[in-house]
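Participant: Give me a 3D structure for the following:
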Amino acid sequence: MDYLLDWRFQTFDELTTKELYGILRLRSEVFVLEQRCCFLDMDNKDQLSYHLSGYRDDELMAFARIVPPGLSYEYPAIGRIVVSPRGRGEGYGIELLRVSIEKLESLYGPVPIRIGAQLYLKKFYESFGFRQSGEVYLEDDIEHIEMTRPNSA
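Facilitator: Residues are numbered from 1 along each chain as shown. Predicted structure coming up:
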């Protein structure tokens, strides 16, 4: 399959300091500055998670982390899903979620997957088989919902 981005899938310990800096910078750029959410992004889950980074010409364009079961939810989760403002409208978000699901299933098999999604992205996640599995809740004044994708077996 031809990809739009060059993908790296790594444990926390495999990340270089340059890669980690780029990930934290992108997450801060979007979640803290753009979305104006004042929260502690570094939640001690990164060290136990897998990190999926998509690069275009050595610039980080998309990122997600794969959180093992039992850390955030009973099922494995995809979190911190983010596309750089410089890469929006290019299909990177679609590819990011597709590759995230593939990588998660390569680790854990065809299991249910949980996400905490911003409500306005509900239809996007539904196109990948996710279904709302919780009530709307506010996180940093942004409406969110829990969504679950049943196992793909």
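
Participant: which residues in this protein form helices?
Facilitator: 17-27, 92-108, 122-126 (DSSP state H).

Participant: and those helices, which is most packed in?
Facilitator: Ranked by average neighbour count under the criterion mean count of other CB atoms under 10 Å, those are headed by helix 92-108 at a mean of 18. In short, each C-beta sits where N, CA and C put it, glycine included.

Participant: Please name every helix or strand in contact with the lowest-mean-pLDDT helix or strand in the chain.
Facilitator: Least confident helix or strand of the chain, by mean pLDDT, DSSP states H and E, is strand 137-139 with a mean of 90. Where contact means 3 or more CB pairs under 8 Å, 6 or more residues apart in numbering; DSSP states H and E, strand 137-139 is packed against strand 142-149.

Participant: Quick one: residues in contact with the strand it packs on.
Facilitator: Under the criterion CB atoms under 8 Å, 6 or more residues apart in numbering, residues 35, 37, 73, 75, 101, 112-120, 122, 125-126, 128-138 lie in contact with strand 142-149.

Participant: partner strands of it, parallel or antiparallel?
Facilitator: Applying DSSP bridges, strand 142-149 is found paired with strand 113-118 (antiparallel), strand 131-132 (antiparallel), strand 137-139 (antiparallel).
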